[in-house]
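Trainee: Here is a sequence together with a model predicted from it:
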Amino acid sequence: MKTLGSVVVVVLFWPGLLQVAADPVGVHDEKEASTPQSCHPNHTAVLRAMCTLVDYDEGLAQQLEAMKQQVETMGTKLKALEEKEEATRADVKKQQERSDESKVAFSASLVEAGDTHTGPFPKATTLVFKHVITNIGNAYNPATGVFTAPVKGVYHFEVHLFADSHGGRPTAAHLYKNSDPIVYTYGAVYAYHAASSNGVSLLMNVGDRVYLKLRANAWVRDNHDHHTTFSGHMLFSM
């Protein structure tokens, strides 16, 4: 009877031991506790992504700042170019005005029509050349016979006189600058006709005047052939 009881006990308790050995409760719980769950976020990856975004934003900010500086630099250069262009236009306009002012030339003969002697007079008399051939710049006044310098510069003048001689009566005149006689032209013969001429270049300021005065007791003649003339033109401005 003792031997049989021992066997029964072994049979009854062996399966339990096998179950305990195969699935120990403590070991299973420890594995479950140590295994990471998939539902927890990966904090390191999130931080890395945030750092990447921050670096990207900083890079964009730097690029935007660089672009802003480039735009400001381009604006400064554009303004400088506009100012330079404006200065160039003003200079061109000024040169054009100077060029227009330097276009000065005139030529006139004594009478417009007929065959006329002027003089002799008891004193020196201003000659008025009424027949205008050329008057660029309108500096010569055919009503007074006076040329007035519109700009400062060097001007060249010429005078040509013609007359009948009649016993040696001369044809003669002084060219005046303002109130000063500058050059003199004189011609006289005792038969047929007399002629004389002269020319001069003068430095003139704005408003200076040039004109001719017939000498006392002299005379001149002019007709449709325009023998007696007064001419001038600007050589260059100063």
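Mentor: Now that the structure is in, tell me what you want to look at. Model, not experiment: these values are computed from the prediction.
Trainee: From now on I want contacts and neighbour counts done on CA atoms only, so please keep to that.
Mentor: OK.
Trainee: Tell me which stretches of this protein form helices.
Mentor: For the chain, the helices defined by DSSP state H cover 2-22, 25-34, 43-101.
Trainee: measure the most centrally placed residue in the chain to Asn141 for me?
Mentor: By C-alpha atoms, centre = their mean, the chain has its centre lying nearest to Thr88, at 1.3 Å. Relative to Asn141, Thr88 is positioned 36 Å away (C-alpha to C-alpha, to the nearest Å).
Trainee: just Glu65 next, same as before
Mentor: From Glu65 to Asn141 the distance is 69 Å (C-alpha to C-alpha).
Trainee: Those two: which is more packed in?
Mentor: More crowded of Glu65 and Asn141, by other C-alpha atoms under 10 Å: Asn141, with 16 against 12.
Trainee: ok, now which ones touch the more buried one?
Mentor: Phe147 (C-alpha atoms under 8 Å, 6 or more residues apart in numbering).
Trainee: Also Thr228?
Mentor: Ser109, Leu110, Val159, His160, Leu161, Phe162, Val220, Arg221, Asp222.
Trainee: Closest one to Met238 out of those, please.
Mentor: Val159 (24.3 Å; C-alpha to C-alpha).
Trainee: Under the pLDDT cut-off, which ranges of this structure? List them.
Mentor: The model of the chain has pLDDT under 70 over residues 1-42, 95-101, 190-191.
Trainee: same thing but 80
Mentor: Within the chain, the ranges that satisfy pLDDT under 80 run 1-43, 45-59, 90-102, 165-168, 189-192.
Trainee: Give the burial count for Ala45, as a bare number.
Mentor: Neighbours of Ala45 (other C-alpha under 10 Å): 10.
Trainee: make that Ala216, sorry
Mentor: 17.
Trainee: One more: Ala194?
Mentor: Neighbours of Ala194 (other C-alpha under 10 Å): 23.
Trainee: So that it lines up with my notes, have the first residue be 23 from now on.
Mentor: Happy to do that; since the first residue is 23 now, the last one works out to Ala216.
Trainee: residues touching it, list them.
Mentor: Taking C-alpha under 8 Å, 6+ apart, one finds Phe184, Ala185, Asp186, Ser187, Pro192, Thr193, Gly209, Ala210 in contact with Ala216.
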